[in-house]
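K.L.:
Sharing a model prediction with you, sequence too.
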Amino acid sequence: MVEPALSYGTISTIGVVFGARRIYGVPPSLCQDRMIFERTEEHPGARFLFILACLVVVVYGLKAAAPILLPTAMALFLAVLSLPMMLWLSHHKVPAGLATVITVLIFVSLVGLLILAGSSSVTVLQANLDLYQDLFVQRVGAVIDWADSLSDFDITPYVTTAAIMDLIDPTWVVDLVRGAIGRIAQFAGTTFIVFLIMAFMLGEVTVFPEKIRYVLGENGGDEDRFAKVVTEVQTYLGIKTMVSAATGLVLGLWASVMQLEFPLLLGLIALVLNYVPTVGSMIAAVPAVLLSIVLFGSVPHALGVAMGYVVVNVLFGNILEPNLLGRRLGLSTLVVILSLLFWGWAWGPLGALLSVPLTVMVKIWLENTHDLRWVAVLLDKSPPPVPVGGEAEAV
């Protein structure tokens with residue numbers, strides 16, 4: 001028996017396409033797109049390649065459009081943080097325009113003070129860099145002499161101060177901070193654009209719910225789902241910011257108690273890096289411990305500084321924050337590291353700082369989407385909840 005040249009499914013598809021074009025006046029391009037999607041549904045391999053190609057295009061678009069998307073993401077981040085203040089002013093009969101201006105001015109002042117404080121501390125650090133480097137060389141030499149005195153074996157021909165200095169360059173910390181501050185200073189040139197976008201976003205707060213209600217029409221479930229996503233994102237960013245501010249304040253005070261120089265800068269570093277769970281707290285402790293070694297040359301003092309960072313991050317990061325955020329807003333450590341690398345590659349240091357909030361936003365949106373909820377389960381740090389029956393909850 002000779003196989004037909006066209007299958008019944010293909011003939012039906014062609015008939016639907018030409019019928020739609022003839023009866024309803026559907027454009028040919030739309031009909032062709034419909035045929036493409038139907039073919040990909042029939043062939044899983046083609047569907048996978050199609051999704052992979054779309055993913056490559058999206059990733060390239062994120063990288064290429066960074067000068068536009070990064071200020072927009074920063075504005076969205078600040079707008080979500082300032083939304084409670086905006087709503088509080090509106091609730092107290094303050095006109096919407098005036099409430100927007102007051103909110104933006106307050107956040108401009110806060111961000112400006114943070115950048116100014118960090119820049120001034122880095123300037124002083126750069127001025128004393130040679131002194132710190134000489135002290136670091138002395139500390140390394142003292143450690144070598146101490147290690148040599150522990151045994152009869154002479155290690156000085158094999159382990160020298162110069163060799164260790166080649167492996168451990170103390171200037172990398174300053175170069176890292178200097179580079180980050182430099183990128184922030186470059187971004188300060190677009191600060192006006194960021195706060196302008198933020199102002200317009202806040203100006204849409206009163207009318208945006210009506211727009212969403214009109215667009216969704218009678219789909220009340222979609223409207224509730226959208227409101228839930230917005231509420232959860234706002235809750236996450238608000239709690240994360242408060243915990244980060246408390247972490248930076250306590251660690252700055254701890255640095256001052258331990259008589260470390262630049263406690264304000266160390267507190268700011270802890271505040272900013274606390275947005276990156278697990279990894280950020282470890283990175284924030286490195287400058288403080290190195291500074292302790294340089295200034296005091298005492299292992300117990302350095303251990304005391306490190307212990308303070310560990311205690312604060314355990315209390316705030318592992319106890320307080322999970323209880324406030326709940327289980328559903330957590331990310332696995334692997335996802336945190338991968339998101340840090342991806343957003344850092346795409347948008348630079350500021351993208352790395354926004355990596356976890358952006359990933360959490362995506363996760364919240366996926367959790368409220370039935371078809372893609374399984375992706376949110378993969379991003380979560382915990383396994384899916386197990387009901388009473390003993391089997392994992394289906395997604």
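P.N.:
Received it, and whenever you're ready, just let me know what you need. Numbering: from 1, shown residues only.
K.L.:
Where do the helices of the stretch 201-350 of the chain begin and end?
P.N.:
208-216, 220-257, 263-273, 279-296, 299-313, 321-325, 333-353 (DSSP state H, counting those that start in this stretch).
K.L.:
for these, which one sits closest to residue 131?
P.N.:
Ranking these by proximity to residue 131 (Cβ to Cβ) places helix 279-296 first, at 9.1 Å. Placement of C-beta: from N, CA and C, glycine included.
K.L.:
ok, residues contacting the closest one?
P.N.:
132, 135-136, 139, 170, 173, 177, 251, 255, 258-262, 266, 269-270, 273-274, 276, 298, 301-302, 304-306, 309-310, 313, 317, 333, 336-337, 340 (Cβ atoms under 8 Å, 6 or more residues apart in numbering).
K.L.:
Now do the same for stretch 314-328: mean pLDDT, whole number.
P.N.:
Regarding stretch 314-328, the rounded mean pLDDT is 79.
K.L.:
Show me which parts of it are buried, residue by residue.
P.N.:
Across stretch 314-328, burial judged by 16 or more other Cβ atoms under 10 Å covers 316-317, 320-321, 325.
K.L.:
so where's this structure shaky on pLDDT?
P.N.:
1-44, 144, 147-148, 150-189, 216-223, 326-330, 384-395 (pLDDT under 70).
K.L.:
just the strands in it please.
P.N.:
Counting by DSSP state E, the chain forms no strands at all.
K.L.:
deepest of the helices of the stretch 201-350 of the chain, which one?
P.N.:
helix 263-273 (a mean of 22; mean count of other Cβ atoms under 10 Å).
K.L.:
distance between that one and the chain's centre?
P.N.:
Computed by Cα atoms, centre = their mean, to the nearest Å, the chain-centroid distance of helix 263-273 equals 17 Å.
K.L.:
for stretch 95-114, same thing?
P.N.:
For stretch 95-114, the distance to the chain centre is 23 Å (Cα atoms, centre = their mean).
K.L.:
Over to stretch 312-325?
P.N.:
Counting by Cα atoms, centre = their mean, stretch 312-325 comes out at 18 Å from the chain centroid.
K.L.:
who's in contact with it?
P.N.:
Contacts of stretch 312-325 (Cβ under 8 Å, 6+ apart): 235-236, 239-240, 243, 246-247, 250-251, 254, 274, 277-278, 281, 330.
K.L.:
Of those residues, just say which sits nearest to residue 94.
P.N.:
residue 235 (23.8 Å).
K.L.:
rewinding a little: mind checking which of the helices of the stretch 201-350 of the chain is nearest residue 77?
P.N.:
helix 220-257 (7.0 Å).
K.L.:
For that closest one, name the packing helices and strands.
P.N.:
On a contact count with 3 or more Cβ pairs under 8 Å, 6 or more residues apart in numbering; DSSP states H and E, helix 220-257 meets helix 66-91, helix 208-216, helix 263-273, helix 279-296, helix 299-313, helix 321-325, helix 355-367.
K.L.:
Am I right that residue 297 is in contact with residue 136?
P.N.:
No: counting by Cβ atoms under 8 Å, residue 136 is not a contact partner of residue 297; they are 9.4 Å apart.
K.L.:
The two: which has the busier surroundings?
P.N.:
Neighbour tally, residue 297 and residue 136, criterion other Cβ atoms under 10 Å: the higher count belongs to residue 136, 23 against 16.
K.L.:
separation between the more buried one and residue 234?
P.N.:
As for residue 136, its distance to residue 234 is 45 Å (criterion: Cβ to Cβ, to the nearest Å).
K.L.:
Likewise for residue 295?
P.N.:
In terms of Cβ to Cβ, residue 295 sits 42 Å off from residue 234.
K.L.:
from the contacts of stretch 312-325, which two are the most distant?
P.N.:
235 and 254 (28.3 Å).
K.L.:
Endpoint to endpoint, stretch 322-342 covers what distance?
P.N.:
25 Å (Cα to Cα, to the nearest Å).
K.L.:
chain center to that stretch, what's the gap?
P.N.:
Worked out by Cα atoms, centre = their mean, stretch 322-342 lies 10 Å from the chain centre.
K.L.:
now stretch 337-349
P.N.:
9 Å.
K.L.:
Stretch 77-90 now?
P.N.:
On Cα atoms, centre = their mean, the centre of stretch 77-90 falls 20 Å from that of its chain.
K.L.:
How about residues contacting it?
P.N.:
Contacting residues not belonging to stretch 77-90 are listed as 96, 98-100, 102-104, 106-107, 111, 194-195, 198, 201-202, 205-206, 233-234, 237-238, 241, 354, 357 [Cβ under 8 Å, 6+ apart].
K.L.:
my guess is residue 232 meets residue 365, correct?
P.N.:
No: judged on Cβ under 8 Å, residue 232 makes no contact with residue 365 at a distance of 9.3 Å.
K.L.:
returning to what we had before: from the contacts of stretch 77-90, keep the buried residues only.
P.N.:
Buried among the contacts of stretch 77-90 by 16+ other Cβ under 10 Å: 99-100, 103-104, 107, 111, 194-195, 198, 201-202, 205, 233, 237, 241, 354, 357.
K.L.:
circling back to that earlier point, can you lay out the helices of the stretch 201-350 of the chain as TSV showing distance to residue 78?
P.N.:
Output for these, formatted as TSV (distance: least, Cβ to Cβ, whole Å):
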stretch	distance to residue 78
helix 208-216	16
helix 220-257	10
helix 263-273	14
helix 279-296	20
helix 299-313	25
helix 321-325	20
helix 333-353	12
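K.L.:
between those helices, which one is nearest to residue 64?
P.N.:
Checked against Cβ to Cβ, the stretch from the helices of the stretch 201-350 of the chain lying closest is helix 333-353, at 9.5 Å.
K.L.:
Nearest to residue 53, out of the helices of the stretch 201-350 of the chain?
P.N.:
That would be helix 333-353 among those, by Cβ to Cβ, at 18.4 Å.
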